[in-house]
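Student: output the structure for:
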Amino acid sequence: MTPASPAPAPEAATRPPGLRERKKLKTRLAIRQAAFALIREQGYDATTVERIAERADVSPSTVARYFPAKEDIVLTDAYEPLLEELVRRRPPDEPVPETLRWVLRHATALAPGEHPHREDLLLRVRLLAEVPAVRARLLESGSGTGRLMCRALAGRTGRDESDPEVRLYAMGLMGALLEAVALWAEGGCRDDLARLADRALDVLRDLPAARRS
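Tutor: Predicted coordinates for the structure are as follows:
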């Protein structure tokens, strides 16, 4: 098993993402924004990867590199590339739910009562409900975010990412957060999404670190 990483220095725990990460995030956001704009204009089925690439001013191969399937553009959160890095920055003795609260706030710059991509989030929820291919891809992929979270949690707790407890915890976490988003959408997006996410994390206990031999 990989030993738990030492606690980062305070400045490392709050240091913003580097230039390379910001460039990747900018490209992913451009692709997602292009895809969502086209879906609103012409519907999901008529929106092709080629059209998305043209609108985002990138090549189809670049779209495929960031999103292996069109459905992944809908299912993958724009901030996922930062999550693993941010989780690893936190002190290893910090309870996992508290780490995740910090990561969610830091990665999305989510202020109370606001969401920077409210309309995109609503569209994602609607497509999950209405498009069978999107729902099927979610089941097929096993949630890319969940797998990413497994790696991050394994790294900070000294466990293996295939550890059943790590996998169950990560997927339970994703399910809880998705349900928080669903509750937010069902309430007409009037509630505080950050508060609902906090409530989802409140039901999770800490994930213990691996026992040292």
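Student: pLDDT weak spots in this protein?
Tutor: Where the chain drops to pLDDT under 70, the residues are 1-17, 77-83, 105-118, 121, 129, 139-145, 185, 189, 211-213.
Student: for it, what spans make up the helices?
Tutor: 10-14, 19-42, 49-56, 60-66, 70-75, 80-89, 96-108, 118-130, 132-141, 144-157, 164-186, 193-202 (DSSP state H).
Student: chain neighbours aside, what residue packs nearest to A133?
Tutor: Nearest residue to A133, sequence neighbours excluded (Cβ to Cβ, 6 or more residues apart in numbering): E71, at 5.7 Å. The C-beta positions use only the backbone N, C-alpha and C, and glycine is treated the same way.
Student: follow-up on the earlier one: could the helices of the chain be laid out in TSV, adding distance to P208?
Tutor: Listed next are these as TSV, based on distance: least, Cβ to Cβ, whole Å:
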stretch	distance to P208
helix 10-14	21
helix 19-42	30
helix 49-56	43
helix 60-66	35
helix 70-75	30
helix 80-89	16
helix 96-108	9
helix 118-130	33
helix 132-141	28
helix 144-157	7
helix 164-186	8
helix 193-202	17
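Student: now those helices in a markdown table, with mean neighbour count?
Tutor: As requested, the helices of the chain are exported to a markdown table (neighbours: other Cβ atoms under 10 Å):
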| stretch | mean neighbour count |
| --- | --- |
| helix 10-14 | 11 |
| helix 19-42 | 16 |
| helix 49-56 | 18 |
| helix 60-66 | 15 |
| helix 70-75 | 21 |
| helix 80-89 | 18 |
| helix 96-108 | 19 |
| helix 118-130 | 16 |
| helix 132-141 | 14 |
| helix 144-157 | 21 |
| helix 164-186 | 17 |
| helix 193-202 | 18 |
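Student: closest to A209 out of those helices?
Tutor: helix 144-157 (4.5 Å; Cβ to Cβ).
Student: roughly how far is that closest one from the heart of the chain?
Tutor: Distance, stretch centre to chain centre, for helix 144-157: 11 Å (Cα atoms, centre = their mean, to the nearest Å).
Student: what does it contact?
Tutor: 2, 4-5, 72, 75-77, 80, 83-84, 87-88, 90, 92, 96, 99, 159-163, 166-167, 169-171, 173-174, 207-210 (Cβ atoms under 8 Å, 6 or more residues apart in numbering).
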